[in-house]
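Enquirer: next input, structure requested:
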Amino acid sequence: MENMKVLFAGSPESSAKILNSLFKNGFDVVGAISQPDKRSKRGKGKEASPVSKEAYELGIPTFKPVSLDDSFKKEIESLEFDVLLVSAYGKILPVWLLESPNISSVNIHFSLLPKYRGASPIQTAILNNDKKTGISIMKMVKGMDEGPVYCFHEVKILNQESKRDLENKLTSLCIKNIAADLNNIFYKKLIPINQNDSEASYCKKIDKLSGKLDFRKENIADILLKHKAYIGWPGLYFEKNNILIKIHGLEEYNGNNEDLLANSFKFISSGLLTKTMDSMIVITYLQFPGKGIISASDASNSYAKFFEE
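Expert: Purely as a prediction, here's the structure:
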């Protein structure tokens, strides 16, 4: 809608794609709020968030406040906008900002609320082996993901889909529908409906330790789900001889029974075999600290003695 003024808030790549779609659909994006530049992983200097980069390319004014304080409030108060649209910004927004738009503050949440309130709904859906998920377009309130919902868009979760795959699918679903959703909100064709708080569930916090495996204490099904859910970050890793080794490929072992003790490893033709709580699993790709990703077959040439110890 050409006359609708939108203030956007988001940070990751998925949010940058949504921002791009708003611009291409003719919305008047008056500004983009994103996380401050962070230290680059590739060396010295800092790197802007994907949303900041996209806003710069589109000529959209960008705000990257370290703190959502009074000085930032003055900048926002100078803007006129109908909708604040939020997509994975990464910070809890103050009430004054939620009350700033002429019409509504709207959040794009990647779950079917009230299921999976919180910051990791995609990973949680995969970890729980859910068969469907979706997007909730909700009116923002002070409580985290507690606001009434304007509408839902649902998708199936395929068995092979990782967190990255599902995030891309949900982002595409959002891009397909967000223009119509905002128009319907603007013209009051969508009336938000309160969530049933008694049915609410919450995502657990995901941190670096979430990706650490103890093969002896976990069953193979849960390990494979973690591998899909934690792809990218935090990833999966295990400890051997006080060294943390990242896992970049896993598959279920379907061969003959192997005489293998718990917490021991054996190179076979398909990779590095180890025992889980209920079965066996094969690591196909791995990475030692400071080294590149290698196949387990290559690792057998350089690290055979390491894994025999």
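Enquirer: could you chop the protein up by domain?
Expert: For the chain, automatic domain parsing gives the domain ranges 5-199, 208-308.
Enquirer: of these, which stretch is the most buried?
Expert: Mean neighbour count (mean count of other Cβ atoms under 10 Å) peaks for domain 5-199 among the domains of the chain, with a mean of 17. C-beta here means a position set from N, CA and C on the backbone, and glycine is covered the same way.
Enquirer: can you redo the domains of the chain as JSON lines with mean pLDDT?
Expert: Formatted as JSON lines, the domains of the chain follow (pLDDT from 0 to 100):
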{"stretch": "domain 5-199", "mean pLDDT": "96"}
{"stretch": "domain 208-308", "mean pLDDT": "95"}
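Enquirer: and the helices in the stretch 151-300 of the chain, which stretches?
Expert: Here the stretch 151-300 of the chain has its helices, by DSSP state H, counting those that start in this stretch, at 163-186, 220-229, 296-302.
Enquirer: out of those, which comes closest to S201?
Expert: Across these, S201 has its closest neighbour in helix 220-229 (16.0 Å, Cβ to Cβ).
Enquirer: other residues contacting that closest one?
Expert: Applying Cβ atoms under 8 Å, 6 or more residues apart in numbering, the contact partners of helix 220-229 are 122-124, 126-127, 129, 161-163, 211, 213, 215, 236, 247, 250, 252, 276, 278-281.
Enquirer: and what of stretch 182-190?
Expert: The contact list for stretch 182-190 (Cβ under 8 Å, 6+ apart) reads 1, 4, 6, 27, 82-83, 85, 103-104, 106, 137, 150-151, 181.
Enquirer: which elements pack onto the host helix or strand of I18?
Expert: Element membership of I18, judged by DSSP states H and E, is helix 13-24. Contacting helix 13-24 under the criterion 3 or more Cβ pairs under 8 Å, 6 or more residues apart in numbering; DSSP states H and E are the following elements: strand 5-10, strand 28-33, helix 50-58, strand 83-87, helix 163-186.
Enquirer: now render the ones you listed as CSV, adding distance to I18.
Expert: Output for the helices and strands packed on helix 13-24, formatted as CSV (distance: least, Cβ to Cβ, whole Å):
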stretch, distance to I18
strand 5-10, 7
strand 28-33, 11
helix 50-58, 9
strand 83-87, 5
helix 163-186, 6
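Enquirer: nearest to K17, out of these?
Expert: Taking Cβ to Cβ, helix 163-186 is the member of the helices and strands packed on helix 13-24 nearest to K17, at 5.5 Å.
Enquirer: now the closest one: how far from the chain's centre is it?
Expert: Computed by Cα atoms, centre = their mean, to the nearest Å, the separation of helix 163-186 from the middle of its chain amounts to 15 Å.
Enquirer: ok and it relative to strand 83-87, angle-wise?
Expert: Relative orientation of helix 163-186 and strand 83-87, computed by axes from the mean of the first three to the mean of the last three Cα atoms, to 10 degrees: 170 degrees.
Enquirer: would you put the C-alpha positions of helix 163-186 in CSV?
Expert: C-alpha atoms of helix 163-186 as CSV (Å, rounded to 0.1, in the frame of the first residue of the first chain):
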residue,chain,number,x,y,z
LYS,A,163,16.5,-25.0,10.9
ARG,A,164,17.9,-23.1,8.0
ASP,A,165,15.5,-24.8,5.6
LEU,A,166,12.5,-24.1,7.7
GLU,A,167,13.5,-20.5,8.4
ASN,A,168,13.7,-19.9,4.6
LYS,A,169,10.3,-21.5,4.1
LEU,A,170,8.7,-19.4,6.8
THR,A,171,10.4,-16.2,5.4
SER,A,172,9.0,-17.0,1.9
LEU,A,173,5.6,-17.5,3.4
CYS,A,174,5.8,-14.2,5.2
ILE,A,175,6.9,-12.4,2.0
LYS,A,176,4.0,-13.9,0.2
ASN,A,177,1.4,-12.6,2.7
ILE,A,178,2.8,-9.6,4.6
ALA,A,179,1.6,-6.9,2.1
ALA,A,180,-2.0,-8.2,2.2
ASP,A,181,-1.9,-8.6,6.0
LEU,A,182,-0.7,-5.1,6.6
ASN,A,183,-3.3,-3.7,4.2
ASN,A,184,-6.0,-5.7,6.1
ILE,A,185,-4.8,-4.3,9.4
PHE,A,186,-4.7,-0.8,8.0
